[in-house]
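Q: Pasting the sequence and the predicted model now:
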Amino acid sequence: MALLKIDFRNAFNEIKRDHFIKAACRMFPAMSAWTEWCYGDPSMLLYDHESIIESMGGVQQGDPLGPLYFCCGINGLVNAIQALNPT
């Protein structure tokens, strides 16, 4: 018997967008156009009222679907861990 503890440090910002977009579109095809529209291109963030930073990773803060997209992105990892113990 073993326990695996993973530190998801800032996990919502660290997940790769292309990974969770692909997974979310596969799991929820009716939402694929919305998902692509929201996350298909980098988000433009305004810094210090003059500099633009392109956000290309993670889900957007305040997105009510952010937790769902994050779960779609890690679903493969969860399934792989579950497959290690077939009981």
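A: In hand now; what should we look at?
Q: check contacts around the residue nearest the centre of the chain.
A: Ranked by distance to the mean C-alpha position of the chain (Cα atoms, centre = their mean), the top residue is F70 at 3.6 Å. The contact partners of F70, by Cβ atoms under 8 Å, 6 or more residues apart in numbering, come to 11-12, 15, 20, 59. (Glycine included, C-beta is placed from N, CA and C.)
Q: out of the residues you listed, which one sits closest to N75?
A: F20 (9.2 Å; Cβ to Cβ).
Q: ok, for the closest one, nearest residue in space, not its chain neighbours?
A: Nearest non-adjacent residue to F20, counting by Cβ to Cβ, 6 or more residues apart in numbering: G73, 3.2 Å away.
Q: if we can go back for a sec, so which helix or strand takes in the residue nearest to the centre of the chain?
A: Assigned by DSSP states H and E, F70 belongs to helix 66-83.
Q: residues of that helix that come out buried?
A: 66, 68-70, 72-74 (16 or more other Cβ atoms under 10 Å).
Q: and what of stretch 36-43?
A: Here stretch 36-43 shows 38-39 as buried, counting by 16+ other Cβ under 10 Å.
Q: Low-confidence ranges, this structure, go.
A: Counting by pLDDT under 70, the low-confidence segments of the chain come to 1-4, 6-8, 86-87.
Q: residue ranges for the helices of it, please.
A: 11-14, 17-27, 32-39, 66-83 (DSSP state H).
Q: Format the ones you listed as CSV; extra columns: distance to L45.
A: Output for the helices of the chain, formatted as CSV (distance: least, Cβ to Cβ, whole Å):
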stretch, distance to L45
helix 11-14, 12
helix 17-27, 14
helix 32-39, 14
helix 66-83, 16
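Q: K5: which of those is closest?
A: That would be helix 66-83 among the helices of the chain, by Cβ to Cβ, at 11.8 Å.
Q: ok so, going back, which pair in the contacts of F70 has the greatest spatial separation?
A: It's A11 and F20 that sit farthest apart of those, by Cβ to Cβ, at 11.3 Å.
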